[in-house]
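**Student:** prediction below, plus the sequence it came from.
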Amino acid sequence: MNHLNVGIVGLGWVAGAHIDAFKAVTGADVTAVRSRRTHDDAELSAQFGTPLKSCVDYGDLLADPDVHEVD
């Protein structure tokens with residue numbers, strides 16, 4: 001696999017640090033986040049400066065074929 005799409009569990013204070021860390025990794029992008037609350041994907045994408053989709057169910061994140069790894 002040449003490119004890794006990462007899903008992040010939780011949108012607490014550390015999520016931004018994880019997203020920024022993955023931005024610095026060549027070949028890896030955070031593409032999805034799981035949160036207890038519903039979020040607007042466009043707003044999250046603007047907030048973190050990268051395209052993101054969100055979900056509230058762990059199963060949805062784990063089943064997403066576009067997510068290769070969960071952090």
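**Tutor:** On my side now, so go ahead.

**Student:** residues contacting the nearest residue to Ala28 once chain neighbours are set aside?
**Tutor:** Setting aside the residues directly before and after it, Ala28 is nearest to Leu4 in space (CB to CB, 6 or more residues apart in numbering), at 4.4 Å. For glycine as for every other residue, the C-beta is placed from the backbone atoms N, C-alpha and C. Counting by CB atoms under 8 Å, 6 or more residues apart in numbering, Leu4 touches Gly27, Ala28, Asp29, His68, Glu69.

**Student:** and the second one, what is it in contact with?
**Tutor:** Looking back up the chat, that one is Ala28. Residues in contact with Ala28, defined by CB under 8 Å, 6+ apart, are His3, Leu4, Asn5, Val6, Phe22.

**Student:** now the buried members of these.
**Tutor:** By the neighbour-count criterion of 16 or more other CB atoms under 10 Å, the contacts of Ala28 include these buried positions: Asn5, Val6, Phe22.

**Student:** a markdown table please, covering those and showing distance to Asp41 and secondary structure.
**Tutor:** Formatted as a markdown table, the buried ones among the contacts of Ala28 follow (distance: CB to CB, whole Å; DSSP: H, G, I helix; E, B strand; the rest coil):
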| residue | distance to Asp41 | secondary structure |
| --- | --- | --- |
| Asn5 | 15 | strand |
| Val6 | 16 | strand |
| Phe22 | 18 | helix |
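
**Student:** closest one of these to Val14?
**Tutor:** Distances from Val14 to the buried ones among the contacts of Ala28, taken as CB to CB, are shortest for Phe22 (12.5 Å).

**Student:** tell me the pLDDT of the closest one.
**Tutor:** At Phe22, the model reports a pLDDT of 95.

**Student:** pull the contacting residues for it.
**Tutor:** Applying CB under 8 Å, 6+ apart to Phe22 gives the contacts Val6, Ala28, Asp29, Val30, Asp71.

**Student:** for Asp20, see how far away the residue nearest to Ala28 is.
**Tutor:** 16 Å (CB to CB, to the nearest Å).

**Student:** repeat that for Asp66.
**Tutor:** Following CB to CB, the distance that separates Asp66 from Asp20 is 21 Å.

**Student:** phi and psi next, for Ala32.
**Tutor:** Per-residue torsions, Ala32: phi -150, psi 150 (degrees, to the nearest 10).
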